[in-house]
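**Q** fold the stuff below for me.
(chains A and B)
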Amino acid sequence: MKRYYITTPIYYVNSVPHIGTALTTIVADACARYQKRRGRAVYFLTGTDENAPKVHRVAQEKGIPTQQFVDEMAEVFENTWRALHIEYDVFMRTTEERHKRTATEVFRRLRQQGDIYEGRYEGWYCVSCETFFALNKVGDERTCPDCGKPLEYRDEPCYYFRLSTYTERLRDHILSHPHFIEPEVRRNETLGFMAEGLQDVAVSRSGTDWGIPVPDDSSGAVIYVWFDALLNYLTATDWLDRGDTYLDTWPPDLQLMGKDILPRFHATIWPAMLMALGLPLPERLYGHGWWIVNKQKMSKSLGNVYAPLEVVQTLSENAGCEMPYAVDAFRYYMLREMPTDSDAEFSLQGFETRYNGDLANDLGNLVHRTLSMLHRYFGGRVPEGARIDDTLAHLFVQQATRTAEAYEAVDFPRGLSEAWAIISAVNRYYDEQAPWTLHKQGETQRAGQVLYTGLEAVRILSVLVEPAMPQVAREIARLLNLESVPDWNATHQVGVLAMEHPLQEPKPIFPRLQAKPNAPVVQEPAQPQPEPKQAPSDALITLEQFQRLKIRVATVRSAEPIPNTQKLLKLTVDLGDERRTIVAGIAETYSPEALVGRQVLVLVNLQPATLRGVVSEGMLLAADVEGKAILLNPDQSVPNGACVR
RNA sequence: GGCGGCGUAGCUCAGUUGGUGAGAGCGACCGGCUCAUACCCGGUAGGUCGGCGGUUCGAGUCCGCCCGCCGCUACCA
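**A** Below is the predicted model:
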């Protein structure tokens, strides 16, 4: 039988785990645990991405041998995940020999069959992002449009992966497999991204000796880190060495990740690579949203990055909650508020609210009050002759089913709230039946039935809660004197716990946080300074600002349309002391012939932009009349190069 | 500019294929209970469902336009 194969991305080792990476990993773990409880064999992969040149640089800056650095960082990740009760089967490190062999072999095969070809790359490159950028994106500061760091100019031979040829097949696959990319927003986004065809991607890098060498290449190039990283999913199945038996694991049933790496990488390059290899594609790719803090992205520079274990530690201390349960509380919060379609707000206050409300008051208190009464009234044993209430039993089974459906759909916010419906139903039931009054009035039989019904709810809850809170589930099972948390089948049955079955003495699992409402016990980090708003476009500017614009008169010497464009003309203009090429979007108003010899006004100190492959070294001034550009020119003929002021 | 999405009670958000008087949680207020971790249960919030117009017997739910915000993308100049 095929194993249920679930993956997280491998994480960059140049930063420590934060609540974003924790989210992906916890969601994956919850999915894995759910599948296990359903009785499936599960293979759960996570790991670290260690071959990036950036990693090498960071290590050098720290003065540590790179291998030692990645070893240490990988350990930090493993320790963090273990502390968060992540039960992975494989921790893949891309510096492992078997991974290097896989990546090398794939590269070689694709090159042999022509899916990888030799070309050349010339342009700006961000080492930090491992990405090339077109000239018109980089600005005159030559900084990375994504991370803002300085770019390097590269001009080098380079291998390309023929991604473009897979556009159609990929689109067909996405269209015919509605659940291939989830949630739907991401699917639409990917289709939009692909709409005008995919570009071949550079899959090698030069100028570094850290990484997996390109096979059969003497230039010293290494395989592009994303190309290698994606293949870790394949390495983990031992595809290279196992003949066809790797199919007991391959393809992945669920690949989880943040929304940022879905459209460009996992939903395009990755499946195209697999198509090229003739391998089955993953069943589902799921890209969740991001945590935002105070309405802003988490970032080191804003200082609003949370470390999961610190958050847990603080809660544990403030609430007096034992660490394993504080960890589970954190997992619960991550999953209950998990961003699915869009981003969601993370806050310590939100965490505390969930902790007190959902965990201490609802779940914890229900377990505690149920067991307390059973101890007080029935000597800590399942009451003799107790029968479960049919109405409630029906509800339990129904909610368990709904919870399962939501978990299956990676919708933990919904799944957990379906489970919590059981808790509020039992609290209401206790209120109506008042077993304490029944007991007082000597109606022992009735009281026993009511509490038995509640106890069965607790038993079922231990199962429903286990994917999110494994240690809490174990503790509940222990209180019920069960050897382990039951599997999911136990949620379809009621009346399972036998008469006279002994129960443990309860102790609150989640001690209530004692604090004034709205006054978080945990100190929020200092509010990051809001980004200065850009001045509105109608604000007044100074003369000095205006004088920074260098506008000069020029004569058009030549003009030709740029093929396959509607509006663009390529012009050569004469500024007296120099000639420049300018791309202008005026073809709808002017024919090339009408322009030659004409004088125009040119903004000459605008940063160059590449439009349709042509570098434009300035901008023509024109009046905008209902979208049509009407050129401006001097009142009388003036020398070329004359300045406008 | 194009594509996609969002804008629903103080806050965070649910609201399948259009149809009983528009919902949940949190917070607030009032009441009840006392087994329980000052917990739980019930009630109260009179919200132009971003704005305008349209289709319809009937629209947060469909169509058009507009405003605001976000993401992606582009032949923005």
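
**Q** quick check: bridge partners of the nearest residue to residue A:36 once chain neighbours are set aside?
**A** Counting by Cβ to Cβ, 6 or more residues apart in numbering, the nearest residue to residue A:36 once its immediate chain neighbours are dropped is residue A:42, at 5.1 Å. The way it works is simple: take the backbone N, C-alpha and C, and place the C-beta from them, glycine included. Taking DSSP bridges as the rule, residue A:42 bridges to residue A:4.

**Q** let me see the contact set for residue A:42.
**A** If you count contacts by Cβ atoms under 8 Å, 6 or more residues apart in numbering, residue A:42 has them with A:3-6, A:32, A:35-36, A:89.

**Q** out of those, which touch RNA strand B?
**A** Of the residues in these, proximity to RNA strand B by Cβ under 7 Å from any atom of the strand holds for none.

**Q** and the two most separated of those?
**A** Taking Cβ to Cβ as the measure, these span a maximum distance of 12.9 Å, between A:5 and A:36.

**Q** looking at those two, which one has more neighbours?
**A** Each of residue A:5 and residue A:36 had its neighbours counted (other Cβ atoms under 10 Å), and the higher figure belongs to residue A:5 (25 against 18).

**Q** tell me who's in contact with the more buried one.
**A** Neighbour list for residue A:5: A:42-43, A:45, A:237, A:249-254 [criterion: Cβ under 8 Å, 6+ apart].

**Q** those in strands, which ones?
**A** A:42-43, A:45, A:254 (DSSP state E).

**Q** among those residues, which one sits closest to residue A:384?
**A** Residue A:384 has its nearest neighbour among the ones in strands among the contacts of residue A:5 in residue A:42, at 40.1 Å by Cβ to Cβ.

**Q** my guess is residue A:219 meets residue A:206, correct?
**A** Yes: the pair residue A:219 and residue A:206 qualifies as a contact (Cβ atoms under 8 Å) at a distance of 6.7 Å.

**Q** any common contacting residues for those two?
**A** Overlap of the contact sets of residue A:219 and residue A:206 (by Cβ under 8 Å, 6+ apart) consists of residue A:157.

**Q** the two - which one has more neighbours?
**A** Between residue A:219 and residue A:206, counting by other Cβ under 10 Å, residue A:206 is the more crowded of the two (17 against 11).

**Q** give the rounded mean pLDDT of stretch A:354-364.
**A** For stretch A:354-364, the per-residue pLDDT values average out at 94.

**Q** that should have said stretch A:415-430, apologies.
**A** Within the predicted structure, the mean pLDDT of stretch A:415-430 is 93.

**Q** list the buried ones in that stretch?
**A** The neighbour-count criterion (16 or more other Cβ atoms under 10 Å) identifies A:415-423, A:425-427, A:429-430 as the buried residues of stretch A:415-430.

**Q** just the mean pLDDT for whichever helix or strand residue A:334 is part of, thanks.
**A** Assigned by DSSP states H and E, residue A:334 belongs to helix A:323-336. For helix A:323-336, mean pLDDT is 95.

**Q** what packs against it?
**A** Counting contacts by 3 or more Cβ pairs under 8 Å, 6 or more residues apart in numbering; DSSP states H and E, helix A:323-336 is packed against helix A:19-37, helix A:308-319, helix A:348-354, helix A:412-433, helix A:470-479.

**Q** mind redoing it with 6 Å?
**A** helix A:19-37, helix A:308-319, helix A:412-433, helix A:470-479 (3 or more Cβ pairs under 6 Å, 6 or more residues apart in numbering; DSSP states H and E).

**Q** report the residue ranges of every domain in chain A.
**A** By the record's domain assignment, chain A is partitioned as A:308-492, A:543-631 (automatic domain parsing).
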